[in-house]
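Chemist: Mind looking at a prediction? Sequence and model below.
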Amino acid sequence: MLGRFAAAKRVLEIRELLTRRHTSSPLRSFSTALNYHLDSPDNNPDLPWEFTSTNKHKVKEILSHYPSNYKQSAVIPLLDLAQQQHGGWLPVSAMNAVAKVIEVAPIRVYEVATFYSMFNRTKVGKYHLLVCGTTPCMIRGSREIEDALLKHLGVKRNEVTKDGLFSVGEMECMGCCVNAPMITVADYSNGSEGYTYNYYEDVTPKRVVEIVELLRRGEKLPPGTQNPKRTKCGPEGGNTTLLSDPKPPPCRDLDAC
Amino acid sequence: MGLGMLASRVIRPTASKLSRSSSLHFIRPIVSTPETSSAQSQPQPDPTPDPPPPSPRPPVAGARVHFPKPEDAIEVFVDGYSVKVPKGMTVLQACEIAGVDIPRFCYHSRLSIAGNCRMCLVEVEKTPKPVASCAMPALPGMKIKTDTPLAKKAREGVMEFLLMNHPLDCPICDQGGECDLQDQSMAFGSDRGRFTEVKRAVVDKNLGPLVKTVMTRCIQCTRCVRFATEVAGVQDLGMLGRGSGEEIGTYVEKLMTSELSGNVIDICPVGALTSKPFAFKARNWELKGTESIDVTDAVGSNIRIDSRGPEVLRILPRLNEDINEEWISDKTRFCYDGLKRQRLNDPMIRGADGRFKTVSWRDALAVVAEVALQVKPEEIVGIAGQLSDAESMMALKDFLNRMGSNNVWCEGNGPNPDADLRSGYIMNSGIAGLEKADVFLLVGTQPRVEAAMVNARIRKTVRANQAKVGYIGPATDLNYDHQHLGTGPKTLIELAEGRHPFCSALANAKNPAIIVGAGLFEREDKDAIFSVVETIAKNAKVVRPDWNGFNVLLLKAAQAAALDLGLVPESANSIESAKFVYLMGADDVNMEKVPSDAFVVYQGHHGDQSVYRANIILPAAAFSEKEGIYENTEGCSQQTLPAVPTVGDARDDWKIIRALSEVAGVSLPYDSLGAIRARIRTVAPNLLNMDERELATFSASLKPDCSHKMSLTDFRPAIDNFYMTDSITRASKIMAQCSATLLKK
């Protein structure tokens, strides 16, 4: 009898968990697209796609890094190049073009492109803002930063603003945990030549909105920490410890023996 | 998989424990096995000087160990028993030889090793962690433990993770009862999970009319991806996404256009890929399995016909290393619904109004005998169909001979077949023997559509040994790298005269193999073509005492046996002057050649092309309903067994002819299957050596020189539509769907 009661209680708990989950936070998605392709007017295999003539030289240069019988090793750099050329995202026809260059079946390229969340398979803005969502940044308020960005731009995650300038996505740890929270701005406004991928660290919900406005005006701002009291990853207001020169390591006095 | 036994062994103690404890507590707490740590701390028994005994258990599934080099044998210990395995074998294979069945999902002996399901974890002494046995090579002296608490706990953990996202829909899943996950979860699964999150759901993919997908059930073993890439040669499937969002798919909307796609149903360890035509038709334990032979092509794939009552419900492959390994083509697997459609079930006579009227067997045979006795003997013609068994062809030939005619042949063998030298019409190197070849020359044959299993062998050889393939014939898509040398006899002459660049490849080859298509049998200049091919073979030393690479790839199941039995017409044009035509299931005969006043008897099981011209119909049994000998293209005779009863009033082919001979007053001297086989023994004894490949005794070099002129018309494809080649497949709805959706327009 007691056991049955306990079981019923557990079922209730589980049900509560499930319902709460559904209402408060939807499942997180990292990638910009589904794991399968749906034809649309701007993204279907029939659209022609080719590397530009300058990028064709780059393709040759990239391929020269690998032995000729291991061309497929170049898939990631080539996809990256294609993404820069195509304004930050990879249509199916671009992936097919890469598959042709490295002489593999298209599905092998799709596998790679879907695996890595930094390959966008749907349209992104000219400035693709990526908010780090990993634990240190999350503890330091990355959710608020994302909310501020989304609210300011009036879009959902992985959605492009009406003017085509901005989109917001989430990414995994970029190793700037000491300057958490951070965002990355992938700048596709100048094609693959002027492509930049900059980190903005120590951001606040207020600061990210300022950054967005600066970018909208086309102004450049120095990447790195946005906290004026910090230099790079040093502590705020200068060092508080390790002020003297480091002590030499305690070696054995070899001469003494 | 043999895991059923394993499962029951494991279940028994657990079940008794559960029943005892369930009266006290409703929830059995899930505890990690506490013995794990204690077992390791137990003192090991002192190593004894005498060697451990050899494994007392027989290898799993009777596997035999083959040592390519005896000095490469290494000794490993599985659960304390010593076992000798060749170097390079994996731990899992060593365990199998020791008679221990390791649970697995992603590992498949015919595919590359992925090692991603982690189900095959075992404990190896002196390793810090459990080892994935499918990917770990066995090393000398390795002490493998498969039933320790650590191994058991590892498997239980993996199973719990696999079941986390697996839906609980076994009652509506077609794999139920033959599901690896189901079987193994009986052995290693818990009765409840600890996962309280939402289960993952995956969009189903459309892979065509044959394979049904329920991708939510997928456990990402990637067997289907590896099968499609490695065996089928269509790189369409892949693993998309990552982490919990990982799924199998084609990314872009794409059907699986392989002629071997049905095999992914068999290799899928769960119910993610199941048979679409078989969906919700039956449970596997309701079915009666009959071990039989496929007749849709000349390969003679070994199949199991699963039936329930009078209905064939599905066809599965049987293992035969020499012929089809463990795959079958889609035509073999899915043609069975043709066995239920367009069937002839009563003897029928065409009346004066042109409509068929059902009559009794007595009347039908009396009419046939009467007409046959009225015409002159040389005006009698008999044609055996492509699905005929050896017994009925023997009876047909004997019957016509007794009537005074010798105009009997089998369709597909052409107007003037050459049955003198057996090496001139069989695959002399054998299907399995093709794996030894390093250069292939395909002459007028497209094995991909003519014999999909032979094509799979060639592909396997090309992948394994980088064998070169030269192809002469109309441009086509063979699913391996090949050089298209030319389209017709012109290239053949260049090759024979040594002017073609491919000649050097042939000359330098260790084991060159030439495969000639049986589609060339229909050509007028076939003798000239064969003599040119023989010149090429002689130049390239294709036929040697230790290697015979001269092969003919036949198209139809009956062809080889018909030639062995000497079904050769007296004159090539006898059909044009025929007054009495006896068609034994022959549907690909050009009926326009038959004179309009000829009396046409159609004996067969399907109302197909020839029925439109027939004057009388005698219903016969299909291959699934009779016992009959078929010889495949490599000269191996095998027999079908009846899986289901015949429909209506149909009879076995040879019985009909035997009865007819009696009515016609020329009784054949046999009235049982044993007696007719005794008759076959006097003509072609090799047909009775079941499941044994009978080599050709004399080589083609004995043949007299050919003086015919070769015409320069290009070779034509022998088969236009892979899915529809005979009366059964033409009646099949599934095959019609396949040809509508999968064939390239």
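Modeler: Perfect, thanks for sending it.
Chemist: what bits of chain B have low per-residue confidence?
Modeler: B:1-51, B:699-707, B:744-745 (pLDDT under 70).
Chemist: Return the residues of it in contact with chain A.
Modeler: Within chain B, the residues that sit near chain A (Cβ under 8 Å from any Cβ of the partner chain) are B:25-27, B:196-198, B:203, B:205, B:235-242, B:245-247, B:249-253. In short, each C-beta sits where N, CA and C put it, glycine included.
Chemist: What subset of those is buried?
Modeler: Neighbour-count burial (16 or more other Cβ atoms under 10 Å in any protein chain shown) applied to the residues of chain B next to chain A gives B:205, B:235-242, B:245-247, B:249-252.
Chemist: Farthest pair within those?
Modeler: Greatest spatial distance among those (Cβ to Cβ): B:235 and B:245, at 22.1 Å.
Chemist: show me the contacts for the closest residue to residue B:107 other than its chain neighbours.
Modeler: Among residues not flanking residue B:107 along the chain, residue B:134 sits closest, at 3.8 Å (Cβ to Cβ, 6 or more residues apart in numbering or on different chains). When contacts are counted by Cβ atoms under 8 Å, 6 or more residues apart in numbering or on different chains, residue B:134 touches B:90, B:91, B:92, B:102, B:104, B:106, B:107, B:113, B:115, B:120.
Chemist: Could you pick out the buried ones from these?
Modeler: Here, 16+ other Cβ under 10 Å leaves B:90, B:91, B:92, B:102, B:104, B:106, B:107, B:113, B:120 buried among the contacts of residue B:134.
Chemist: Please flag which of these sit within helices.
Modeler: B:91, B:92 (DSSP state H).
Chemist: Which members of the buried ones among the contacts of residue B:134 are the farthest-apart pair?
Modeler: Applying Cβ to Cβ across those, the maximum distance is between B:91 and B:106, 14.8 Å.
Chemist: residue ranges of the helices in the stretch 51-200 of chain A, please?
Modeler: A:53-63, A:75-85, A:92-102, A:106-115, A:135-139, A:142-153 (DSSP state H, counting those that start in this stretch).
Chemist: okay, and for chain A, where does confidence drop off?
Modeler: A:1-5, A:7, A:11-12, A:14-32, A:254, A:256-257.
Chemist: middle-most residue in it, spatially?
Modeler: residue A:171 (4.1 Å; Cα atoms, centre = their mean).
Chemist: Any idea what it is bridged to?
Modeler: Residue A:171 has these beta-bridge partners by DSSP bridges: residue A:132.
Chemist: where's it relative to residue B:359, distance?
Modeler: Noted for residue A:171: a distance of 80 Å to residue B:359, by Cβ to Cβ, to the nearest Å.
Chemist: what element comes up after the helix or strand hosting residue B:225 heading to the C-terminus?
Modeler: Secondary structure from DSSP states H and E places residue B:225 in helix B:223-226. Going down the chain from helix B:223-226, the next helix or strand is strand B:238-240, by DSSP H and E.
Chemist: what does the helix or strand following that following strand rub up against?
Modeler: Remark: after strand B:238-240, the chain's next helix or strand is strand B:247-249, criterion DSSP H and E. With Cβ under 8 Å, 6+ apart as the test, strand B:247-249 has contacts from A:35-36, B:202-203, B:205, B:215, B:218, B:220, B:222, B:224-225, B:237-241, B:272.
Chemist: Go ahead and confirm the residue nearest to the centre of chain A touches residue A:132.
Modeler: Yes. With contact defined as Cβ atoms under 8 Å, residue A:171 reaches residue A:132; the gap is 6.0 Å.
Chemist: Surely residue B:569 is in contact with residue B:410?
Modeler: No. Here residue B:569 does not reach residue B:410: they are 9.8 Å apart, not a contact under Cβ under 8 Å.
Chemist: Between those two, which has more neighbouring residues?
Modeler: Neighbours were tallied for residue B:569 and for residue B:410 using other Cβ atoms under 10 Å in any protein chain shown; the higher tally belongs to residue B:410 (29 against 22).
Chemist: Number of residues surrounding the residue of the stretch 151-257 of chain A found nearest chain B?
Modeler: At 10.7 Å from chain B, residue A:172 is the closest residue in the stretch 151-257 of chain A, using Cβ to the nearest Cβ. By the criterion of other Cβ under 10 Å, residue A:172 has 11 neighbours.
Chemist: Against residue A:243, how distant is it?
Modeler: 35 Å.
Chemist: Would you list the phi and psi of residue B:102?
Modeler: phi -90, psi 130 (degrees, to the nearest 10).
Chemist: what residues are up against it?
Modeler: Neighbours of residue B:102 in contact, by Cβ under 8 Å, 6+ apart: B:92, B:95, B:96, B:120, B:122, B:133, B:134, B:146.
Chemist: which of those sit farthest apart?
Modeler: Top of the distance list for the contacts of residue B:102 (Cβ to Cβ): B:134 and B:146, 12.9 Å.
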